[in-house]
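Novice: Make a model of this:
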Amino acid sequence: MKMIFRLKTSRKVLWSVIFVCIGFYVMGILGNAYSRHILLEQMLGSLDVQAAFMQSRVEQDIDSLLKIQNTVLNDFNTSKLNVLWGGAGNYEKTQLIKGISGRLSEIKELYTIVDKAEMYYPRKGIVISGSQPIMRHYEGDKYYDYRMINADQEEGIVFTSYFPVQALRGEGKNTAYYCRITLSPESLNRALNDLLGEGEESVYLLSQDGTMLSGSGINFVETAADTVRLEKVRAYLAQNEGVQSFRVQGEELGSCIYSARTGVWIVYFCPDSVISRSLSFFLLLNAGLTILVIVLFLSYTFYVERKLVKPLDRIIVAMEDRNNRYFIEEDEADELAVIYKRYNQVISHVEELSRENLEMKYQARLAEFRQLQYQIRPHFLYNSIFMIYRMARAEENETIASFARHLSKYYQYITRTNDCFVSLEQEIGHIDDYLEIQKARFGERICVIMEPVPEQAKGLKIIPLILQPLVENAYEHGMKNCLEGGMIRIRTDYRDGYFSFCVEDNGDGLQENELTELRRRLNVEEINSEEIHGLANTNARIRRWYKGESGLYVNNREDGGFVALVKIFMEEIYVQSSGGG
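Specialist: Below you'll find the predicted structure:
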């Protein structure tokens with residue numbers, strides 16, 4: 001070794017080797033750090049995909065539960081029990097309670113995630129359950145705050161649908177009955193375990209403030225280990241309000257995504273073992289690289305001494321003594337082959353993770369595309385009627401063209417999106433289309449007199465499809481025996497905050513007993529009779545949406561025929577609609 005530092009040439013070679021080794025070492029460390037960063041990002045991306053998939057599954061199940069909950073809420077037996085409770089007999093009450101309890105039991109059987117399904121009648125003081133006992137007394141409700149979704153550490157996630165919905169407006173909130181589905185921490189724990197399967201991952205459901213609602217694994221309550229794991233999550237939530245998703249890095253990797261549909265955070269953690277197995281390789285690689293550089297430096301030093309310094313020394317000696325000749329044997333070898341091999345293995349592993357991530361994203365997009373294919377829209381009906389209209393215009397048949405145009409507008413109106421309110425002018429326009437269709441059917445047999453709508457009433461907002469059934473009733477019942485000379489008169493008025501819509505005909509009218517029975521059914525909102533279904537349904541909708549003396553009033557004309565009058569207290573609705581823009 002002393003000979004190396006004795007010769008200037010050997011010192012230059014040695015310093016060049018040192019700089020090369022340092023550069024090679026730095027490049028290897030940086031490459032490993034970059035590869036480790038890429039792998040870590042791929043793992044976090046995979047966690048994000050898993051968390052998003054779980055969020056989608058949870059929201060799909062919640063949407064399905066809410067739809068079934070609304071069907072129970074709008075079930076005939078549910079509303080019938082609310083209306084007839086005070087006057088029904090014990091047998092009829094028992095049958096209605098059993099029917100409602102049966103529907104609630106079906107929800108529990110269909111969705112194992114559901115722990116409790118109950119129907120509350122606060123005014124009647126009863127609660128009907130899908131499990132035993134099927135009925136108990138109503139003793140108050142800690143969640144009776146008109147929120148549809150509540151998250152609680154003890155109860156879990158609670159979904160509530162109220163009826164009627166308009167009763168939730170204003171300060172005097174009141175509701176007739178409501179349906180509640182409870183997902184307890186135990187049932188959520190079972191659902192999360194089934195969703196994860198046999199994997200090593202873990203998932204938690206947290207409220208907006210970070211309180212644990214449930215989690216996967218053996219325990220559904222928070223343990224000391226869970227508290228340590230969720231510490232960074234809660235600290236991030238406390239410092240960042242309004243965030244929708246974020247990641248947690250440290251000894252464990254976690255992906256957190258907020259479900260606005262349920263108001264719950266879904267926290268997906270990758271276990272320590274998976275992270276350590278994936279990242280410990282880089283620690284070993286860095287250690288191996290350090291040892292390799294040292295070995296290479298020492299090896300090259302000995303190589304230089306044996307293959308360069310000693311031959312140079314012999315050459316110098318030989319130059320001094322020309323009788324001695326020394327030759328240097330060159331032995332070529334690639335010491336970096338092992339590192340190249342190891343690095344290619346890392347890149348191959350990263351590419352494999354990237355392909356898996358892209359495949360998961362592709363499957364998610366494919367599932368979303370297939371779901372969109374299952375959606376149904378009524379455009380086929382509109383396009384078909386429009387084709388009839390175009391063919392009629394092409395053949396210059398204005399009668400068929402006009403009929404097809406009015407029929408298209410009629411079906412477009414009744415199949416439109418369920419708006420809460422439409423303008424009175426839109427509803428009258430719908431009636432005009434209906435009259436044109438009936439005119440093509442009855443011809444000159446029936447004369448329709450429709451008086452103009454007052455200008456101050458055209459801007460009123462009403463719930464859709466509550467006026468046309470009165471005109472339809474006049475055709476189907478008042479004019480059903482009319483062969484000629486039929487007359488239907490339609491009048492509208494608006495004064496003192498009340499809008500009135502009157503339809504009268506000169507048909508046969510009703511017998512006194514029939515008129516009395518009809519008024520009784522309208523008064524109790526009985527809508528199970530097919531003969532007056534349109535009138536009864538209209539009357540029930542008006543009374544549930546509007547206050548005051550709003551409702552449907554019927555009578556016989558003095559000159560023969562039938563009169564149907566709708567009165568709606570519009571002042572409050574009109575002010576809200578016009579004031580809100």
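Novice: what's in contact with stretch 216-226?
Specialist: By Cβ atoms under 8 Å, 6 or more residues apart in numbering, the residues outside stretch 216-226 that reach it are 185-186, 188-189, 192-193, 196, 201-204, 212, 214-215, 230. Yep, even glycine has a C-beta here, placed from its N, CA and C like the rest.
Novice: Show me what the longest strand belonging to the chain is packed against.
Specialist: Counting by DSSP state E, the longest strand found in the chain is strand 486-495. If you count contacts as 3 or more Cβ pairs under 8 Å, 6 or more residues apart in numbering; DSSP states H and E, strand 486-495 packs onto helix 424-442, strand 446-450, strand 498-505.
Novice: And the buried ones among the contacts of stretch 216-226, selectable in ChimeraX?
Specialist: Those of the contacts of stretch 216-226 that count as buried under 16 or more other Cβ atoms under 10 Å are selected in ChimeraX with:
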select :185,188,189,192,193,196,202,203,204,212,214,215,230
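Novice: between the contacts of stretch 216-226, which is nearest Leu96?
Specialist: Glu186 (30.9 Å; Cβ to Cβ).
Novice: Distance check, the closest residue to Leu237 other than its chain neighbours against Arg491.
Specialist: Nearest non-adjacent residue to Leu237, counting by Cβ to Cβ, 6 or more residues apart in numbering: Gly210, 5.0 Å away. To Arg491, Gly210 is 62 Å away according to Cβ to Cβ, to the nearest Å.
Novice: Could you do Phe421 as well?
Specialist: Phe421 is 22 Å from Arg491, where distance means Cβ to Cβ.
Novice: tell me the pLDDT at the nearest residue to Met119 once chain neighbours are set aside?
Specialist: Leaving out its chain neighbours, the residue that sits closest to Met119 by Cβ to Cβ, 6+ apart is Ile128, at 4.4 Å. pLDDT, Ile128: 92.
Novice: What's the separation between Ile128 and Tyr138?
Specialist: For Ile128, the distance to Tyr138 - Cβ to Cβ - is 10 Å.
Novice: again with Met212
Specialist: Counting by Cβ to Cβ - Met212 and Tyr138 are separated by 30 Å.
Novice: longest helix in the protein, by residue count?
Specialist: helix 8-73 (DSSP state H).
Novice: pLDDT on it, on average?
Specialist: Helix 8-73 shows a mean pLDDT of 78.
Novice: Please pull up the helix or strand immediately following that helix.
Specialist: helix 76-84 (DSSP states H and E).
Novice: List the contacts of that next one.
Specialist: Taking Cβ under 8 Å, 6+ apart as the rule, helix 76-84 contacts 72, 88, 92-93, 96-97, 99-100, 103, 119, 121, 123-124, 163, 176-177, 179, 524-525, 528.
Novice: start to end distance for stretch 388-405?
Specialist: 9 Å (Cα to Cα, to the nearest Å).
Novice: could you pull out the strands for the stretch 151-300 of the chain?
Specialist: Here the stretch 151-300 of the chain has its strands, by DSSP state E, counting those that start in this stretch, at 156-163, 177-183, 202-206, 212-215, 245-248, 253-259, 264-270.
Novice: May I see the buried residues of stretch 156-165?
Specialist: For stretch 156-165, burial by neighbour count (16+ other Cβ under 10 Å) applies to 156-163.
Novice: need the residues you listed in TSV with distance to Leu284 and pLDDT, can you?
Specialist: What follows is these, written out as TSV (distance: Cβ to Cβ, whole Å; pLDDT from 0 to 100):
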residue	distance to Leu284	pLDDT
Gly156	45	84
Ile157	45	87
Val158	50	87
Phe159	51	86
Thr160	55	86
Ser161	57	86
Tyr162	61	85
Phe163	65	82
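Novice: List the contacts of Gln55.
Specialist: Counting by Cβ under 8 Å, 6+ apart, Gln55 has contacts 257, 259, 266.
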